[in-house]
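[1] dropping the sequence and predicted coords here.
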Amino acid sequence: MAALSAEQISQLTALRQELHRRPEISGEEAGTAERIAAELTALGADRIWRGLGGHGVAAEFTGAQDGPCVLFRCELDGLPIREISDLPYRSEVEGRGHLCGHDGHMVSVLGVAMRLAGCRPAAGRVIVLFQPAEETGAGAKAVIKDPRWPEIRPDFAFAYHNVPGRPLGEIGLRPGAGNCASRGMQILLEGKSSHAAAPEDGISPAKAMAELMAVLPALSQGVIGDAGFALSTLTHVKLGEPAFGISPADGELRVTLRSMTNERMDTLIAEAQRNVESSAVGLKTEVRWHDVFRAVENDEQATEIAQEAAQALGQTCRDMPVPMRWSEDFGRFGEDGAKAALLYVGSGEEHPQLHNPDYDFPDALLPIVTDLFCGIADRLLGRSQA
């Protein structure tokens, strides 16, 4: 496929900045999805799916011959974080921001669609997927459960995430474990309130909470890269109400559990639940799970294809020695049967970190990633024909 023209890059940059101004958080991406669908319609995609797993959008570009299906996936959602910047296109929605780069990820994949619009693959088909609710870990599961997913299900699936702290445009590759599994554990404890002058007449969760605040973080083990790696991070604690005359009845703790593999997550969950049971004797307990992310396990063949495409373009590749500790909702596509690979593209060594209030996606990555994804499509589906 021919590279994007300067005019096309300018159009994509303007669209990225437009999306940046109007972020929508997980599950609320209706406006963003509508804007993306309008672009795909204007490009003349062969087929468009709307409302996938919520607000998801997908489009198909089909070659003249039979061949595999290759999916390029990105994310629609922003974050519930207030942006702090002087950018002319800063977020116009108070308390919301594209502070992880999903605005740039979307426009990179639209760049692939833009090139496919004028130059279909020789064989097979390319699907571009704009997934909802990535930040909560709910979107990929919902998309795969959508009754229309069998019409889309790919043989290969690729996505990328920008990575601050790495040289701009450097392509990070890691077959096998790529991103940690994680989930939020909300622990609710209920006892019996009493007058503060007679705490013995009530059942306070204070002692149990104090124990759990010590033992749950102690479940952490090893370092990232070890198969047994586990990280348990205490993130929130609440005991009773802010009063002096009441011995409290209710308590809440929130902990984030993290592991390198799904199997290790299963054992970590069991360990955490045993600690709750042993510490909360005499209390009513309830455990709720939130933001459930499966581990990303990158397929070796898919990773090799991405590396070959990057090297053919003269892009710098880097073998990542250890997985990312943060999670990504891409792992489910590999579990669904696709040969899947998440790529880690540097966004600058001095760039603000993901989820920082002053983060902004570097527009210089747009043509780099579009070239890479189109190179992958060429390798799998043959050189595109006009």
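    Here it is on my side, so go on.
[2] which stretches of the stretch 1-150 of the chain have low pLDDT?
    1-2 (pLDDT under 70).
[3] can you give me the strands in it?
    Using DSSP state E, counting those that start in this stretch, the strands of the stretch 1-150 of the chain run over residues 47-52, 56-62, 65-75, 123-131.
[4] the third one relative to strand 123-131, how many degrees between them?
    In other words, strand 65-75. 10 degrees (axes from the mean of the first three to the mean of the last three C-alpha atoms, to 10 degrees).
[5] relative to strand 56-62, how tilted is strand 65-75?
    150 degrees.
[6] strand 65-75: how far from the chain's middle?
    19 Å (C-alpha atoms, centre = their mean, to the nearest Å).
[7] any chance of a markdown table for the strands of the stretch 1-150 of the chain, columns mean neighbour count and distance to residue 210?
    All C-beta atoms are positioned from the backbone trio N, CA, C, and that covers glycine. A markdown table is the format used below for those (neighbours: other C-beta atoms under 10 Å; distance: least, C-beta to C-beta, whole Å):
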| stretch | mean neighbour count | distance to residue 210 |
| --- | --- | --- |
| strand 47-52 | 17 | 46 |
| strand 56-62 | 24 | 44 |
| strand 65-75 | 21 | 39 |
| strand 123-131 | 25 | 41 |
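[8] what's near enough to touch the residue most central in space within the chain?
    Residue closest to the mean C-alpha point of the chain, counted by C-alpha atoms, centre = their mean, is residue 328 at 3.5 Å. Residue 328 sits next to 134, 159, 161, 178-179, 293, 296, 342 when contact means C-beta atoms under 8 Å, 6 or more residues apart in numbering.
[9] report the secondary structure state of it.
    coil (DSSP: H, G, I helix; E, B strand; the rest coil).
[10] tell me the one among the contacts of residue 328 nearest to residue 206.
    Lowest distance from residue 206 to these (C-beta to C-beta) belongs to residue 293, with 31.8 Å.
[11] mind listing what the residue nearest to that closest one when sequence neighbours are not counted touches?
    Using C-beta to C-beta, 6 or more residues apart in numbering and skipping residues adjacent in sequence, the residue nearest residue 293 is residue 327, 3.6 Å away. By C-beta under 8 Å, 6+ apart, the contact set of residue 327 is 137, 179-182, 258, 293, 295-296.
[12] mark which of these are part of strands, please.
    In strands, judged by DSSP state E, the following of the contacts of residue 327 are found: 179, 181-182, 258, 293, 296.
[13] max pairwise distance over these: which two?
    Pairwise distances across the ones in strands among the contacts of residue 327 peak at 12.8 Å for 258 and 296 (criterion: C-beta to C-beta).
[14] which of these two has more neighbours?
    Remark: of residue 258 and residue 296, residue 296 carries more neighbours, 28 against 23, as counted by other C-beta atoms under 10 Å.
[15] follow-up on the earlier one: among the contacts of residue 328, which ones are buried?
    Neighbour-count burial (16 or more other C-beta atoms under 10 Å) applied to those gives 134, 159, 161, 178-179, 293, 296, 342.
[16] residue 112: which of those is nearest?
    residue 159 (11.7 Å).
[17] how about the contacts made by the closest one?
    72-74, 105, 328, 330, 340, 342-343.
[18] my read: residue 203 touches residue 189, true?
    No. Taking contacts as C-beta atoms under 8 Å, residue 203 lies outside contact range of residue 189: 9.8 Å.
[19] now list whatever residues contact both of these two.
    residue 283.
[20] of the two, who's got more company?
    Between residue 203 and residue 189, counted using other C-beta under 10 Å, residue 189 has the larger neighbour count: 25 against 19.
[21] how far away is that one from residue 254?
    From residue 189 over to residue 254 the distance is 12 Å, taken as C-beta to C-beta, to the nearest Å.
[22] what about the residue nearest to residue 293, distance to residue 241?
    From residue 327 over to residue 241 (counting by C-beta to C-beta), the distance is 34 Å.
[23] ok, now residue 276?
    To residue 241, residue 276 is 23 Å away according to C-beta to C-beta.
[24] neighbour-wise, which of those two wins?
    residue 276 (22 against 10).
[25] for the helix or strand that one falls within, name the packing helices and strands.
    Taking DSSP states H and E as the criterion, residue 276 maps to helix 262-279. With contacts taken as 3 or more C-beta pairs under 8 Å, 6 or more residues apart in numbering; DSSP states H and E, helix 262-279 sits against strand 181-190, helix 206-215, strand 230-239, strand 250-259, strand 284-293.
[26] how far off centre is that helix?
    With C-alpha atoms, centre = their mean, you get 24 Å for helix 262-279.
[27] what mean pLDDT would you report for that helix?
    Throughout helix 262-279, pLDDT has a mean value of 98.
[28] list the buried ones in that helix?
    264-265, 268-269, 271-272, 275-276, 279.
[29] name the nearest of these relative to residue 218.
    So of those, ranked by how close each gets to residue 218 (C-beta to C-beta), first place is residue 275, at 9.0 Å.
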